[in-house]
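In: Following is a predicted model, sequence given first.
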Number of protein chains: 2
Amino acid sequence: MAKPANRSRDAYHVGNLAPQLLAAARTLLEEVGPTKLSLRAVSERVGVSATAAYHHFQNRNELISHLAAQGFAELAAALQRACSNGSGLDRVRAGSLAYLHFARSNPALYQLMFGPEFTDEALIPALQRERLAAFGELKRMVAETLGQALDSSDVRKASVAAWSYIHGLTSLVIHGLLPGAADNSDEHFVERTLEGFAALAISCTTPIK
Amino acid sequence: MAKPANRSRDAYHVGNLAPQLLAAARTLLEEVGPTKLSLRAVSERVGVSATAAYHHFQNRNELISHLAAQGFAELAAALQRACSNGSGLDRVRAGSLAYLHFARSNPALYQLMFGPEFTDEALIPALQRERLAAFGELKRMVAETLGQALDSSDVRKASVAAWSYIHGLTSLVIHGLLPGAADNSDEHFVERTLEGFAALAISCTTPIK
DNA sequence: GACGCAATCTTAACAACGTCAAGATGACGC
DNA sequence: GCGTCATCTTGACGTTGTTAAGATTGCGTC
């Protein structure tokens, strides 16, 4: 085996290798999962040697960091698209749906975005930026729902709460931890959990007995 | 290097190797993180050859599956301990605190428990069982909070909502995604998010204007 | 009490991985 | 036309999970 790939004579000076690598990594990511994504496989798919990537990225971590950043950017865009109108509960519903839908459409990418590689604070600027932008979009949604300023105390608390909720639900759904009812649509999961919160809220504000 | 370890003459027939491997893996897990946990390092720490583990576990995945199962068991126990008394909001608070506290005390284990290795349904029975037990504990907490039967529709919805919330918050905290306020105690995170939910609930039940 | 079976652990090896060092290739300015 | 330098390649190293085959020993059987 070990064919020379399609790496024929004009393999040198490919040109825009970095975007090509990222694109190949993106599709390969969903094919093999976040942990099995290997630099060598990505290179081979592009038709380039195994070490070519090191002239465009410091290491594997930096490559997947850009994938993660890309994911946060797309998530932010999806949130913005979904929350442009509507009010109150409808806006929360729409945002949650968009969030869950994005993650279920790109499960491996979502797992990568919240993977253990990015736990420490040594992140590339792009990732940090896009992450903050995505959270900012969520905050904007909450702020408009509450009818308060972006930096109000309520908005800050409520947006972390909302992020916790939708990220948690998404994570559970993606990992297949929610015993599959017949209907496992995005709408179903969001609607049922929102109803669940309502039941909890009622029961907590009006203590039993 | 490559010392013969403490693997002296009576290395054969160690006896209870499986528990020893699990224990070593457990401590090593928190030292190096969930992704860098290698079978070889675990074996070396126990003082046994690299392939000895294969006589007790099918592969690396089965070993870490047992770690994950162990984690869910401990989480369930912590929840049970925390939610034995109190009522209404206090019970939710106590359960959330216990959950978050467990995860922050064992961050690598928690990441492992919800890691991408266990996404598919091909799980060892122990993991599936302990997972369900932990979720059952959460459900019990919610049921007693709502004052309803364990299998009621409200309880099912609300417990998934509660799990989503606390798992999401925990995940965000562990990954360091919540911009650090001065106070980053468990109590602070739980209290603020619960207040956030309250704000959202009020604003959603009483639509603005 | 010797024998042999089977469980237990070993050494040796393989393929795949991330990564480094050194060399080949060719675009582009002088 | 020539040198420079970014770009890409080959080759290698150490580490990983995992398999195959051999060594060691506890334990039941005659």
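Out: Noted; the coordinates are in hand.
In: Report the contact partners of residue A:118.
Out: A:65, A:68, A:127, B:175 (CB atoms under 8 Å, 6 or more residues apart in numbering or on different chains). Quick note: C-beta positions are derived from backbone N, CA and C, even for glycine.
In: Does the last one touch residue A:121 like I think?
Out: No: here residue B:175 does not reach residue A:121: they are 10.5 Å apart, not a contact under CB atoms under 8 Å.
In: quick one, which of those two is more surrounded?
Out: residue B:175 (18 against 8; other CB atoms under 10 Å in any protein chain shown).
In: Report pLDDT for the more buried one.
Out: The score at residue B:175 is 94. That number is its pLDDT.
In: ok, so what distance separates it from residue A:131?
Out: 10 Å (CB to CB, to the nearest Å).
In: One more: residue A:91?
Out: To residue A:131, residue A:91 is 22 Å away according to CB to CB.
In: same check, this time on residue A:101
Out: Residue A:101 is 19 Å from residue A:131, by CB to CB.
In: More neighbours: which of those two?
Out: Neighbours per residue (other CB under 10 Å) separate residue A:101 from residue A:131, with residue A:131 holding more: 21 against 17.
In: for that one, phi and psi?
Out: Residue A:131 adopts backbone torsions of phi -60, psi -50, taken as degrees, to the nearest 10.
In: Ok, residue A:199 next?
Out: Dihedral angles (degrees, to the nearest 10) for residue A:199: phi -60, psi -40.
In: do residue A:123 as well
Out: The phi/psi pair for residue A:123 (degrees, to the nearest 10) is phi -110, psi 150.
In: confidence score at it?
Out: pLDDT at residue A:123 comes out at 89.
In: Please enumerate the helices of chain A.
Out: A:17-32, A:39-46, A:60-82, A:89-105, A:107-113, A:125-146, A:153-174, A:186-205 (DSSP state H).
In: List the buried residues of the second one.
Out: Just to be clear, that refers to helix A:39-46. A:39, A:41-46 (16 or more other CB atoms under 10 Å in any protein chain shown).
In: Then the longest one?
Out: Within helix A:60-82, the residues that qualify as buried by neighbour count (16+ other CB under 10 Å) are A:60, A:63-76, A:78-80, A:82.
In: So is it next to DNA strand C?
Out: Yes: residues of helix A:60-82 contacting DNA strand C under CB under 7 Å from any atom of the strand: A:60-61.
In: Let me see the domain layout of chain A.
Out: Domain ranges of chain A: A:1-57, A:65-205, per automatic domain parsing.
In: The residue positioned nearest the centre of chain A and chain B, how far apart?
Out: Central residue of chain A (CA atoms, centre = their mean): residue A:110, 4.0 Å from the mean position. Distance, residue A:110 to chain B, by CB to the nearest CB, to the nearest Å: 10 Å.
In: ok, that residue - contacts?
Out: A:71, A:102-103, A:170, A:174.
In: when you check DNA strand C, which of the buried residues of helix A:39-46 turn up near it?
Out: Near DNA strand C, by the rule CB under 7 Å from any atom of the strand, you find A:39, A:41 out of the buried residues of helix A:39-46.
In: so which of the buried residues of helix A:39-46 comes closest to DNA strand D?
Out: Of all these, residue A:43 has the smallest distance to DNA strand D: 7.0 Å, by CB to the nearest atom of the strand.
In: where's residue A:151 relative to residue B:93, distance?
Out: Look at residue A:151 and residue B:93: by CB to CB, they are 26 Å apart.
In: State the pLDDT value of the nearest residue to residue A:135 once chain neighbours are set aside.
Out: In space, and not counting its chain neighbours, residue A:135 is closest to residue A:163: 6.5 Å by CB to CB, 6 or more residues apart in numbering or on different chains. For residue A:163, the model assigns a pLDDT of 97.
In: What is the burial count for residue A:163?
Out: 24.
In: tell me the contacts of it?
Out: A:135, A:138, B:168, B:172.
In: So it versus residue A:127, what's the distance?
Out: From residue A:163 to residue A:127 the distance is 17 Å (CB to CB).
In: what does residue A:32 give?
Out: Taking CB to CB, one finds residue A:32 at 22 Å from residue A:127.
In: With neighbour numbers in mind, choose between these two.
Out: residue A:127 (21 against 12).
In: Pick out the residue in chain A sitting closest to chain B.
Out: residue A:168 (2.5 Å; CB to the nearest CB).
In: neighbours around that residue, how many?
Out: Around residue A:168 there are 24 residues (other CB under 10 Å).
In: Please apply the same query to residue A:180.
Out: Residue A:180 has 9 nearby residues by other CB under 10 Å.
In: any idea of the pLDDT on it?
Out: Value for residue A:180, per-residue pLDDT: 71.
In: go on, residue A:16?
Out: Residue A:16 is given a pLDDT of 87.
In: Then residue A:209?
Out: Residue A:209 is assigned a pLDDT of 43 by the prediction.
In: Kindly report the same for residue A:35.
Out: Here, the pLDDT recorded for residue A:35 equals 95.
In: Next one: the residue lying closest to residue A:63 once chain neighbours are set aside from residue A:131, what distance?
Out: Spatially, and ignoring its direct neighbours in sequence, residue A:63 is nearest to residue A:57 (4.6 Å; CB to CB, 6+ apart). The gap separating residue A:57 from residue A:131 is 19 Å, by CB to CB.
In: likewise residue A:29?
Out: 18 Å.
In: neighbours around residue A:188, how many?
Out: 12.
In: how near is the closest residue to residue A:102 other than its chain neighbours to residue A:173?
Out: The spatial neighbour of residue A:102 that comes closest, neighbours along the chain excluded (CB to CB, 6+ apart), is residue A:78 at 4.7 Å. Distance, residue A:78 to residue A:173, using CB to CB: 16 Å.
In: chain center to stretch A:47-59, what's the gap?
Out: Relative to the chain's own centre, stretch A:47-59 is displaced by 25 Å; criterion: CA atoms, centre = their mean, to the nearest Å.
In: is that stretch anywhere near DNA strand D?
Out: Yes: using CB under 7 Å from any atom of the strand, stretch A:47-59 reaches DNA strand D at A:48-52, A:55-56.
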